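A.B. asks: My questions concern the predicted model and sequence given below.
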There are 6 protein chains.
Amino acid sequence: MTSPTRADGRALDQLRPVTFERSWLDSAEGSCLVTFGGTRVLCAASFTPGVPRWKKGSGEGWVTAEYAMLPRSTNTRNDRESVRGKIGGRTHEISRLIGRSLRAVIDVKALGENTIVLDCDVLQADGGTRTAAITGAYVALADAIAWGRANGAIKRDASPLTDSVSAISVGIIDGTPMLDLPYVEDVRAETDMNVVMTGSGGFVEVQGTAEGAPFSKAELDELLALATAGNAELARLQAEALGA
Amino acid sequence: MTSPTRADGRALDQLRPVTFERSWLDSAEGSCLVTFGGTRVLCAASFTPGVPRWKKGSGEGWVTAEYAMLPRSTNTRNDRESVRGKIGGRTHEISRLIGRSLRAVIDVKALGENTIVLDCDVLQADGGTRTAAITGAYVALADAIAWGRANGAIKRDASPLTDSVSAISVGIIDGTPMLDLPYVEDVRAETDMNVVMTGSGGFVEVQGTAEGAPFSKAELDELLALATAGNAELARLQAEALGA
Amino acid sequence: MTSPTRADGRALDQLRPVTFERSWLDSAEGSCLVTFGGTRVLCAASFTPGVPRWKKGSGEGWVTAEYAMLPRSTNTRNDRESVRGKIGGRTHEISRLIGRSLRAVIDVKALGENTIVLDCDVLQADGGTRTAAITGAYVALADAIAWGRANGAIKRDASPLTDSVSAISVGIIDGTPMLDLPYVEDVRAETDMNVVMTGSGGFVEVQGTAEGAPFSKAELDELLALATAGNAELARLQAEALGA
Amino acid sequence: MTSPTRADGRALDQLRPVTFERSWLDSAEGSCLVTFGGTRVLCAASFTPGVPRWKKGSGEGWVTAEYAMLPRSTNTRNDRESVRGKIGGRTHEISRLIGRSLRAVIDVKALGENTIVLDCDVLQADGGTRTAAITGAYVALADAIAWGRANGAIKRDASPLTDSVSAISVGIIDGTPMLDLPYVEDVRAETDMNVVMTGSGGFVEVQGTAEGAPFSKAELDELLALATAGNAELARLQAEALGA
Amino acid sequence: MTSPTRADGRALDQLRPVTFERSWLDSAEGSCLVTFGGTRVLCAASFTPGVPRWKKGSGEGWVTAEYAMLPRSTNTRNDRESVRGKIGGRTHEISRLIGRSLRAVIDVKALGENTIVLDCDVLQADGGTRTAAITGAYVALADAIAWGRANGAIKRDASPLTDSVSAISVGIIDGTPMLDLPYVEDVRAETDMNVVMTGSGGFVEVQGTAEGAPFSKAELDELLALATAGNAELARLQAEALGA
Amino acid sequence: MTSPTRADGRALDQLRPVTFERSWLDSAEGSCLVTFGGTRVLCAASFTPGVPRWKKGSGEGWVTAEYAMLPRSTNTRNDRESVRGKIGGRTHEISRLIGRSLRAVIDVKALGENTIVLDCDVLQADGGTRTAAITGAYVALADAIAWGRANGAIKRDASPLTDSVSAISVGIIDGTPMLDLPYVEDVRAETDMNVVMTGSGGFVEVQGTAEGAPFSKAELDELLALATAGNAELARLQAEALGA
């Protein structure tokens, strides 16, 4: 897989440079500054005993997430959602996606009645902010769970994490499927897909959208193959970052 | 594809009874009361000359959608979003999905500087409200475009509709993939997928979510096959309703 | 009472065709699709054990209502109140009127500590939406109370309904008082009045407004006479619909 | 009309002491601190050239009103609507009533393309705040119109005021109709009615509500007679205050 | 200190006429209509047993304040914050300042688990509204505490008030420092400062802002000297009003 | 000035380590990640041609600021203001302070009709976030102005910056005045003061608050002396960072 030149010279199936800076925050129970090329997301995991009212007495924990972009994370400034007084549809959508993705690798019984909130704040946006957020949030979540176990909030022999989880974007530009699109490619893509997978290769979430012409089953298969390889690489990098 | 009994005795690849009642509203430029079994959605298309500010002078039209549920469309009453003072994430997400799906079959140049808003209000919810909404909204949209052409707002030789569009849900229950899930099945599904397709068989949107265990590529393929057949049937019913 | 021709050829003291479709919703404890000519309102009664905090321990129940219009129930589309983030004054006013009207025929002691919420959603508006809502909501309420008694939530020998209640609009056009105004008449009326009455003929609410010139006591008396006859007819139709 | 003793010893058909303090504010184009017994409402009229967008080019003016209560105008403190972030139904309802009442005596053509906003802020509430607000707002409005004429914003020979307008409450307590209810009587009333009338005796708005048992036509007639006499007295006091 | 003429002929170190009208409201536990020249603020103190959740069981009371301006308290009308649906930054800032200032002279232990809310509503604004509000709120607060003691809510031998508190504005115009600026001077001031002090002469809050050129330490010292004298005079007037 | 030991061993008049990382964002016209010890604030300057409506045609520019904290910048997580749907009083207050402070060193005529918005987002909070924000925002602002000049949006010979500006906190703990308080000291301070100064030593804003006992003129003088020295050091570090 080679020929068509990409904006940054990468191969079609190549990730941008990915880094994880753990414990970026002094007081959060888990935190990670994740970068996918120019995209930088600060992921903070807040561990608190107790669960929302509708979970009380269930013996189960809860993991949820909130995603947001700083006003000048993008090329031109966006108004703050706090100033507008309401959260936009895209923000809502991505927050929910991150939460679902992380819960896919959580054993809520093993977590016990504890809540972990993942705040994913985009400091700089260059495409793939939701996939970077999921991928980095997993690292922060793993650290928060380790914290919980070290501090007695989670039983020492409990394993709330059942697998790792990561996400990557794929897309079709001028008919060519490619992996991990930066902003300049993203705006040109005819089809755009985000794929969330576990470390063991299962699909957690597949969201493909035709921005222009509809896509075929063959194209869908190609995109999924690219994403599968990309997520495998991300799983490896996450494990490395966590010193596993 | 047979054995496991479904809640309502249907075959695994069988749609619920689907009906389209066109012109349900007297004054809307297009309207359709669509039912997928117990799910009933009132779809109203409002045609207005002119476009949002960011489209002015482009020569292009705009199609958008808003989805909402009546408070007692569900088994237990939900608070009104107008009373809560804000729109929930799920509502936002589905409104955006409907809009994108319809725009996939619209030639905005041929539409001219006109706006069509599709209001999809769920009167009764029994699973698959978003797929019924997309499928019914297409019928209302087609009527609104016919109205525009009849009333001179759209050029007589212009064809703003490039194809039809419909949507159906598929899911895996106890390891078995099946089509068009009512509420009782939906809450039990391990994997839940909504598939939006054009009449000519292209994919517009694929949204698959593992609610429990991750799903495999093989399962994904089975689900897509079921959805492809279901959407083909819906396209036929839409054409029939539109008297084409 | 005859001469001046009305928009739809009715006599001055004649109601539009009125229909009640009970149990329009599968899961609501009571529901009714009511029509007054082109006006269609879906009334859903939700019965829940318990009362708002300020009623707890009083041994009394509570009945309240929420009114809303679908965006395209009217000739031209209105923005959703959920999107605007706040409820308009007219909506508030009518919701409160419906609630007060229904409570006028409720014995809260006999209801016990139960709450019934009436959702009145206007699917199509052609004048008189608030009067249709009150009249239809009574039917849904009666069914919800029957449900409560059948299900043991209300004592078998308790009679929470002390009477029936209905409402009708009257107005003066070109100096002529007339009954039950559709939209085309409503916008031309010099005086507009809504009259809520019990089945036994008592006044629950009288709201008369001079839109143009002030009205005299004689005109007021004529309007009240028309409304009294109209409400008597509605009470008869309600009883018929409820199979009483 | 005599026997049953009232809370403050008044006759059944007697108003509480009513005062108008004009020009209570230094900079408003019209203002009036009105009192009906313990009820005190500060009415400020703001005159501005120009009209809302939907009136532009019509040659007509606009008069509107906003009503509000200070948090501690009542016996126990209420939360501020600004803090709650939304306006309650009662506030909306009364603001709309005041605006309609004042527009009933305005010739919008004679006003020209000018807007007058009446702010009616209840400093102390002891029953009848909406009726005091309407009655006092008329005085402030008259002064604002005089200001407009003196300052050339309104043509010298134009007469935007076609009549005066006032309002009074009436109610039935223990079966006895009475005029101008203070708070202690208001909470006990079986029927509560607000009647807005012009100086020449026409009805602008009649709003009667059965709080307990429904009321009869005979009772309605008695209440209207009391209100007619009360409004006549208020019209006399307004004229006196305006030095007419 | 004399020469430069002031808008109203006062000496540079002279307060405007200051008045306190106690018990302006019939039902509030403490109230005071305070005027600083044309500035009039209605201060109402609401005493309620109990404290906010985060203070429960502490044995300590709480004092807080809310400030607001009537829409036409100013030269031109401002939109209501309740209508806009949110509180502006200036309102928030001043409410917090008033609360902090009053708490500086409160012994929360001696107050016991009671809450006093001070509502400071500006009826007319002519500069110095926040300083008038603090100064008047102290008087209302003192009365509410006396009420609490008289009614047994506060122990008879407890002294929740440790001192008095007042506030005054100072500013520099054309290089000349002066005391208590009305609106016409306030808008011209190069430096604007609000100084809150206790009756015994301690500083509670100093807020100085350069509106134009920065100010020097020498200027700051001159302003503080003026404010110290002004606050001493206010403390004397407060004591006089309270009959101490 | 020595003896009492500080939390981190610093001298009483010593700043925490201060760093400025310029151009932290790729696309903002100016940006700076500023740290005051553990406090980290990302300051982004967005330069746009044009001014708010009320400045149009004035020939003058505008500089404003928005401050916010990430939910987990603090020891325990705070709810997002976007989720709560409104901005808190503290956030409002600090945003306004930053804006005023920066405008104190801006010649709006020289800026021309351009707007610069400074977003100051606290990534980690350890006391002094508002002072770090002002100090870092100045650096981002200087870069944005340089960008404007380089790109022709500001005239080459215009000098919109008339001086530099910085801010520092001072406070009294156990009777001892000290400079630049981290969180652990801040919560214990009896008096807390923020002082904004220009590079040439003028006061822009002085905000001192007695958290416990009132403070004296002598204490105020000591605090201002500490702040004056601290701001002089910050001005030196800003100049160094800007390579001046």
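C.D. replies: Great, that's in hand.

A.B. asks: contacting residues around the residue of chain A most remote from its centre?
C.D. replies: For chain A, the residue at maximal distance from the C-alpha centroid (Cα atoms, centre = their mean) is residue A:57, at 29.9 Å. By Cβ atoms under 8 Å, 6 or more residues apart in numbering or on different chains, the contact set of residue A:57 is empty. In short, each C-beta sits where N, CA and C put it, glycine included.

A.B. asks: Now do it against chain E, distance only.
C.D. replies: Residue A:57 sits 22 Å away from chain E, taking Cβ to the nearest Cβ, to the nearest Å as the criterion.

A.B. asks: Same question for residue A:219.
C.D. replies: Computed as Cβ to the nearest Cβ, the residue A:219 to chain E distance reads 47 Å.

A.B. asks: who touches the closest residue to that residue other than its chain neighbours in this structure?
C.D. replies: In this structure, residue A:219 finds its nearest non-sequential neighbour in residue A:172, 6.1 Å apart by Cβ to Cβ, 6 or more residues apart in numbering or on different chains. Contact criterion Cβ under 8 Å, 6+ apart gives A:178, A:189-191, A:215, A:219, A:223 as the residues in contact with residue A:172.

A.B. asks: Can I get the helix or strand that contains residue A:172 as PDB, trimmed to CA atoms?
C.D. replies: Under the assignment given by DSSP states H and E, the secondary-structure element containing residue A:172 is strand A:165-173. Extracted C-alpha coordinates of strand A:165-173, given in PDB (Å, rounded to 0.1, in the frame of the first residue of the first chain):
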ATOM      1  CA  VAL A 165      -9.400  -0.300  24.000                       C
ATOM      2  CA  SER A 166      -8.300   2.100  21.300                       C
ATOM      3  CA  ALA A 167      -9.700   3.900  18.400                       C
ATOM      4  CA  ILE A 168      -8.600   5.200  15.000                       C
ATOM      5  CA  SER A 169     -10.100   7.000  12.100                       C
ATOM      6  CA  VAL A 170     -10.000   5.800   8.500                       C
ATOM      7  CA  GLY A 171     -11.300   7.400   5.400                       C
ATOM      8  CA  ILE A 172     -11.500   7.400   1.600                       C
ATOM      9  CA  ILE A 173     -10.000  10.300  -0.300                       C
END
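
A.B. asks: Kindly provide the distance from the residue nearest to residue A:219 to residue A:211.
C.D. replies: When distances are taken as Cβ to Cβ, to the nearest Å, residue A:172 and residue A:211 turn out to be 9 Å apart.

A.B. asks: Quick check: neighbours shared by these two?
C.D. replies: With the criterion set as Cβ under 8 Å, 6+ apart, the overlap between the contacts of residue A:172 and residue A:211 is A:189-191.

A.B. asks: Now rank those residues by neighbours and give me the top one.
C.D. replies: Neighbours here are counted as other Cβ atoms under 10 Å in any protein chain shown. On that basis the top member of those is residue A:191, with 24 neighbours.

A.B. asks: beta partners of it?
C.D. replies: Each beta-bridge partner of residue A:191 is listed here, defined by DSSP bridges: residue A:172, residue A:210.

A.B. asks: thought it was touching residue A:222?
C.D. replies: No: under the contact definition of Cβ atoms under 8 Å, residue A:191 does not touch residue A:222, with a separation of 10.3 Å.

A.B. asks: Greatest separation within the contacts of residue A:172: which pair is it?
C.D. replies: The widest separation within the contacts of residue A:172, taken as Cβ to Cβ, falls between A:178 and A:215 and amounts to 13.8 Å.

A.B. asks: Which positions in stretch A:166-182 come out as buried?
C.D. replies: A:166-173, A:177-182 (16 or more other Cβ atoms under 10 Å in any protein chain shown).

A.B. asks: contact partners of the helix or strand of chain A with the lowest mean pLDDT?
C.D. replies: One helix or strand of chain A scores below all others by mean pLDDT, DSSP states H and E: helix A:81-84, with a mean of 89. Counting by Cβ under 8 Å, 6+ apart, helix A:81-84 makes contact with A:68, A:87-88, A:91, F:66, F:68, F:80-82, F:84, F:86-87, F:91, all of which sit outside it.

A.B. asks: Widest-spaced pair of those residues?
C.D. replies: Set against one another by Cβ to Cβ, the contacts of helix A:81-84 have their most distant pair in A:88 and F:91, with a gap of 19.5 Å.

A.B. asks: which helices and strands does the biggest helix by length in chain A pack with?
C.D. replies: When chain A is scanned for its longest helix (criterion: DSSP state H), the result is helix A:217-241. Contacts defined by 3 or more Cβ pairs under 8 Å, 6 or more residues apart in numbering or on different chains; DSSP states H and E place helix A:217-241 against strand A:18-22, helix A:129-150, strand A:165-173, strand A:176-179, strand A:191-198, strand A:203-210, strand B:203-210, helix B:217-241.

A.B. asks: which residues sit against it?
C.D. replies: A:12-13, A:15, A:18, A:20, A:22, A:32, A:135, A:138-139, A:164, A:166-168, A:170-172, A:177-180, A:191, A:193, A:195-197, A:199, A:201, A:206, A:208, A:215, B:203, B:206, B:217, B:220, B:224, B:228.

A.B. asks: ok, now with 7 Å
C.D. replies: Identification of contacts with helix A:217-241 by Cβ atoms under 7 Å, 6 or more residues apart in numbering or on different chains yields A:13, A:15, A:18, A:20, A:22, A:135, A:138-139, A:164, A:166, A:168, A:170, A:172, A:177, A:179-180, A:191, A:193, A:195, A:197, A:199, A:201, A:208, B:203, B:206, B:217, B:224.

A.B. asks: Not counting sequence-adjacent ones, nearest residue to the one residue in chain A that gets nearest to chain E?
C.D. replies: Nearest residue of chain A to chain E: residue A:85, at 6.3 Å (Cβ to the nearest Cβ). Distances taken as Cβ to Cβ, 6+ apart place residue F:85 nearest to residue A:85, at 5.4 Å, with adjacent residues excluded.

A.B. asks: Pull the contacting residues for the residue in chain A that chain D sits nearest to.
C.D. replies: In chain A, the residue that lies nearest chain D is residue A:85 (8.4 Å; Cβ to the nearest Cβ). Neighbour list for residue A:85: E:86, F:85-86 [criterion: Cβ under 7 Å, 6+ apart].
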